[in-house]
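In: fold the following, please.
(one chain, ligands or ions: 1)
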Amino acid sequence: MSSMDRYSFPPGFVIGSATAAYQVEGAAASDGRTPSIWDTFSHEPGRILNGDTGDVACDHYGRLEADLDLMSRLGLDAYRFSISWSRLLPNAGATVNPAGRDFYERLVDGLLARGIRPIATLYHWDLPQELEDAGGWTSRDTASRFADYAARATRILGDRVHTWTTLNEPWCSAYLGYGSGAHAPGRTDGAAALAAVHHLNLAHGLAVPEIRREARNAPDTSITLNFHVMRGEDAEAGRRIDALANRAFTSPILRGRYDDDLLADTASVTDWAFVQDGDLAAIAQPIDVLGVNYYSTVAVRMWDGQGAPSRHDGHKDVGGSAWPGSDRVEFLPQEGPFTEMGWNIAPDGLEELLVSLHEQFPEQPLMITENGAAFRDEVVRGPEGPRVHDEERVDYLRRHFAAASRAIERGVDLRGYLVWSLLDNFEWGYGYSKRFGIVRVEEGTLERIPKDSALWVADVIRARGAALPSEGSSSAPSR
Ligand code: GBH
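Out: From the prediction side, this is the model:
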């Protein structure tokens, strides 16, 4: 093992951290915010581990100034956050909520005052409930409502926010929200999931020109996708999951088409009649950055019909299927080590993914908009104050930063790296049982304690690719 890491990040490479509105804000019913599908879902018995909800979460809404100061102490280049649609536009209406507007303005202005670049995501899964009641993402109208919301948000913040992301992981919204049922709104209907795929793609495509028009200063537009990086020898299984999980988004968005094999694989589920003339041209807007979220790999093969098919696909199994048309693909257990989510740690998968995206879309700049890991952390209260020695997370990040650096050396146009997450937060179906933060959030008191991984990230940002100690940071929590 080498004693020093050396990363070759280009000038201007952005290193920071990320969160999402419902996972951190809390204040779910305060100051005019109305429910999203995640409020409804988390309040339904049995949906979330331990019955947790985002009602309070990290109270980022109430502790904004302190959290901004924390980011400033860590020296973050950038902070990726999401806007709660129903906080800005209660009931998905046309009237801007002054308190919501004020919150996001204070957030953005506070970041800029501290020299931190705001990266805003418009949609991180929290659809206003009334839009779900009208059909949600299975309804075409939701795409135009999203474009209107995008226009309003960028009109308000577009003079200060330079980078805009339309959607976070539409794969999760569509297949977990409408297919497996593990995420809000908890539906289990393969045809609905595929309609959602298309309407999410359309929402993105309709929003991009709105953002360009309303945001001043030539904004960077983007979408963030999560990719399935395949392991295993079975070409047919790999092709199917690549079509359904990856190319269902990259082909329309970056090439203006749905691939024939995707349409064929899903023909028994839907006839794709929801795709109308002109939709693909609308979806294929040029984007400035493609956001990449990466956590782990999956190992696939076609089920041979013997016994029960194995479903180690990295998410909660709640009965429905996230794989419409491809239920005969098995997801096999992989080799460890694993994170607390049970996801295998595979930094080479990140390098492979970045290189593959660069080969498929050579002109497309990329940014890692999420990478990180849940581990069981412990607070040690000593004379220098509370510390969290999260060696496993430091090691995970060190190895993934190294993988990103290797991808850059291989010619990938990678613009930045945002660690998931700034704070321990509401981990969707797992509630508060999984901690992804580089900053610990204590249950009850909500006290923030920067973990060793946060200090390590701060060191990487300071060193900017110079040699770094490999054993994490020894710096004191406050600088
Ligand atoms: C992201 O979702 C979310 O954007 C974020 O809100 C969330 O807190 C965070 O990650 C941690 O879960 O990746 O190869 O193992 C991640 C959604 C997609 C991750 C499917 C697991 C399984 C395949 N997930 N994935 S793999």
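In: quick one: low-confidence parts of the chain?
Out: Counting by pLDDT under 70, the chain has low-confidence residues at 1-4, 465-479.
In: how about 80 then?
Out: Within the chain, the ranges that satisfy pLDDT under 80 run 1-6, 464-479.
In: what residues does it have near the ligand?
Out: Contact residues (C-beta under 6 Å from any ligand atom) of the chain with the ligand: 20, 23, 168-169, 172, 226, 228-229, 293, 295-298, 313-315, 343, 370, 420, 427, 436. In short, each C-beta sits where N, CA and C put it, glycine included.
In: mind checking which of those land in strands?
Out: Counting by DSSP state E, the part of the residues of the chain next to the ligand found in strands is N168, N226, V229, N293, T297, V298, E370, W420.
In: how about the contacts made by the fourth one?
Out: It refers to N293. Residues near N293 by C-beta atoms under 8 Å, 6 or more residues apart in numbering: N168, E169, T224, L225, N226, F227, I368, T369, E370, N371, W420.
In: for the ligand, see how far away A99 is.
Out: From A99 over to the ligand the distance is 24 Å, taken as C-beta to the nearest ligand atom, to the nearest Å.
In: how many other residues sit next to the closest residue in space to G429 that isn't next to it in sequence?
Out: Leaving aside its chain neighbours, G429 sits nearest to K316 (4.8 Å; criterion: C-beta to C-beta, 6 or more residues apart in numbering). Neighbourhood size, K316 [other C-beta atoms under 10 Å]: 16.
In: would you confirm that K316 contacts E427?
Out: No - taking contacts as C-beta atoms under 8 Å, K316 lies outside contact range of E427: 10.7 Å.
In: tell me which element M71 is part of?
Out: Per DSSP states H and E, M71 falls inside helix 64-74.
In: which strands and helices sit next to that helix?
Out: helix 98-113, strand 448-450, helix 452-463 (3 or more C-beta pairs under 8 Å, 6 or more residues apart in numbering; DSSP states H and E).
In: select, out of these, the one closest to A282.
Out: helix 98-113 (27.2 Å; C-beta to C-beta).
In: show me what counts as buried in the closest one.
Out: Residues of helix 98-113 classed as buried: A99, G100, R101, F103, Y104, L107, V108, G110, L111 (neighbour count, 16 or more other C-beta atoms under 10 Å).
In: can you get me a residue count around A153?
Out: 26.
In: distance of it relative to A99?
Out: Taking C-beta to C-beta, to the nearest Å as the measure, A153 falls 15 Å from A99.
In: just the CA trace of stretch 136-155, in CSV.
Out: Taking Å, rounded to 0.1, in the frame of the first residue of the first chain, the C-alpha atoms of stretch 136-155 are listed here in CSV:
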residue,chain,number,x,y,z
GLY,A,136,-47.9,11.6,-11.3
TRP,A,137,-45.2,10.7,-13.8
THR,A,138,-47.5,8.4,-15.7
SER,A,139,-49.3,11.5,-16.8
ARG,A,140,-47.9,13.6,-19.7
ASP,A,141,-49.1,16.8,-18.1
THR,A,142,-46.6,16.4,-15.2
ALA,A,143,-43.8,17.0,-17.7
SER,A,144,-45.2,20.4,-18.7
ARG,A,145,-45.9,21.3,-15.1
PHE,A,146,-42.2,20.5,-14.4
ALA,A,147,-41.1,22.8,-17.2
ASP,A,148,-43.2,25.6,-15.7
TYR,A,149,-41.7,25.0,-12.3
ALA,A,150,-38.2,25.0,-13.8
ALA,A,151,-38.9,28.4,-15.4
ARG,A,152,-40.1,29.9,-12.2
ALA,A,153,-37.2,28.6,-10.1
THR,A,154,-34.6,29.8,-12.6
ARG,A,155,-36.3,33.1,-12.9
